[in-house]
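Student: Below: sequence and its predicted model.
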Amino acid sequence: MDLELRHLKTIRAIADAGSLTRAATALGLAQPALSAQLKRIERALGGELFERGREGVRTTALGDLVLERARVVLPAVCELQEEAVRFARDGAEGYRLGGTHGPLLGGLVDRIARTDPGAPVTTYTSWSEREIAGGVVAGRLDFALVGVCGESGPPEAGRLAWTEVARDPVYVMLAADHPLAPRTEIDLAELAAEAWTDVPGDGCFGDCFAAACVRAGFTPACVYETDTASCVHLVQVGRAVGLCRATFPVTPGLVTRPLAGAPLVWRHLLGWHPEGRAAGRAAAVLHHTRAAHEEALARSAGRTTTPAPREGTPR
């Protein structure tokens, strides 16, 4: 039997788990099947890799040697695969854009279509900022358009180049007939008795919102985490008040208002792989994204925003 990458992954999984039972669970195998596979690997390598005991397994001297090499080879092969995917896919002259919920992705697509009508544009959306960033790292996407709460760092910060597009205060979304709707600004404490609704995400926004409520003297009684359309419906029928960005479009039946003191801030970020072929188009895409943000802000009820620095230096 020739040694394969999957065999090295099995060896690493057993060593990391410390027992065949736990390793079998992690690999999604039955323990007898994993034991049989390990015996075949050991025969191919000429000796035992693990000593079995009551408390689990530990590597032999041969096992240490193989495991040391496996922990060098496996990441190198993974990196090679990612680079190959990027090389094969980034050569296309089109734009592969990934983004989370919000109006900026649509605005960016529109601007690219207007200024570069011959270039194909594809999009991928997800509520997960990490998933979008991972798509750029893996070469499946050229650019990631995501947001983070306050001064939080972006996902994959060490592998992608990130630039701030703009930062907006977080607004509250109310039914048009809500008692506070006529106000131009609302203190967070005035909403202490309300149920809330917001879209999901894998950043720290939920924790930051909870902390802001505690500073305002209350704990949210209920938070409905759901898609944008459902959030809008819950607000329109008076079931909850919502959290939204200043770029949220004007929508019948509801109004958006800034929170006094801007206790929550949302930063729009654009990311790309610095070694990908699409990196040469980053400056143009950043320009289009900032213009799309300004256009979205102009169409919304929000007007308070802090423009990002215009030099476009990756963060």
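Tutor: Great, that's in hand.
Student: what is the mean pLDDT for whichever strand or helix holds Glu51?
Tutor: Per DSSP states H and E: Glu51 is located in strand 50-53. Average pLDDT, strand 50-53: 89.
Student: now do stretch 290-308
Tutor: 71.
Student: How about stretch 57-73?
Tutor: Mean pLDDT, computed over stretch 57-73, is 92.
Student: Name the residues that touch that stretch?
Tutor: By C-beta atoms under 8 Å, 6 or more residues apart in numbering, the residues outside stretch 57-73 that reach it are 5, 8-9, 11-12, 14-15, 18-20, 45-51. For every residue, glycine as well, the C-beta is placed using N, CA and C.
Student: Apart from its neighbours in sequence, what residue is nearest Gly135?
Tutor: Leu141 (4.0 Å; C-beta to C-beta, 6 or more residues apart in numbering).
Student: in stretch 176-188, what counts as buried?
Tutor: 178, 180, 186, 188 (16 or more other C-beta atoms under 10 Å).
Student: My error: substitute stretch 204-217 in the last question.
Tutor: So stretch 204-217, judged by 16+ other C-beta under 10 Å, has buried residues 205-206, 208-209, 212-213, 216.
Student: Could you list which of the residues you listed belong to helices?
Tutor: 205-206, 208-209, 212-213 (DSSP state H).
Student: just those residues now: which is nearest Leu145?
Tutor: Among those, Phe205 lies closest to Leu145 (C-beta to C-beta), at 16.4 Å.
Student: And the next helix or strand past the top helix by length along the chain?
Tutor: Ranked by residue count under DSSP H, the longest helix found in the chain is helix 61-90. Counting by DSSP H and E, the next helix or strand C-terminal to helix 61-90 is strand 95-99.
Student: okay, the angle between that next one and helix 61-90?
Tutor: 120 degrees (axes from the mean of the first three to the mean of the last three C-alpha atoms, to 10 degrees).
Student: Strand partners (parallel or antiparallel) of strand 95-99?
Tutor: Strands flanking strand 95-99 in the sheet, each with its direction: strand 121-125 (parallel), strand 143-149 (parallel) (DSSP bridges).
Student: Can I get the buried residues of stretch 176-188 in JSON lines including secondary structure and distance to Leu269?
Tutor: Converted to JSON lines, the buried residues of stretch 176-188 look like this (DSSP: H, G, I helix; E, B strand; the rest coil; distance: C-beta to C-beta, whole Å):
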{"residue": "His178", "secondary structure": "coil", "distance to Leu269": "32"}
{"residue": "Leu180", "secondary structure": "coil", "distance to Leu269": "31"}
{"residue": "Ile186", "secondary structure": "strand", "distance to Leu269": "27"}
{"residue": "Leu188", "secondary structure": "helix", "distance to Leu269": "25"}
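Student: would you turn those residues into a markdown table with distance to Ala283 and pLDDT?
Tutor: Shown next, in a markdown table, are the buried residues of stretch 176-188 (distance: C-beta to C-beta, whole Å; pLDDT from 0 to 100):
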| residue | distance to Ala283 | pLDDT |
| --- | --- | --- |
| His178 | 43 | 96 |
| Leu180 | 43 | 96 |
| Ile186 | 39 | 96 |
| Leu188 | 38 | 96 |
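Student: residue contacts, the most centrally placed residue in the chain?
Tutor: Central residue of the chain (C-alpha atoms, centre = their mean): Glu129, 1.2 Å from the mean position. Taking C-beta under 8 Å, 6+ apart, we find Glu129 in contact with 100, 144, 146-148, 154-155, 201-203.
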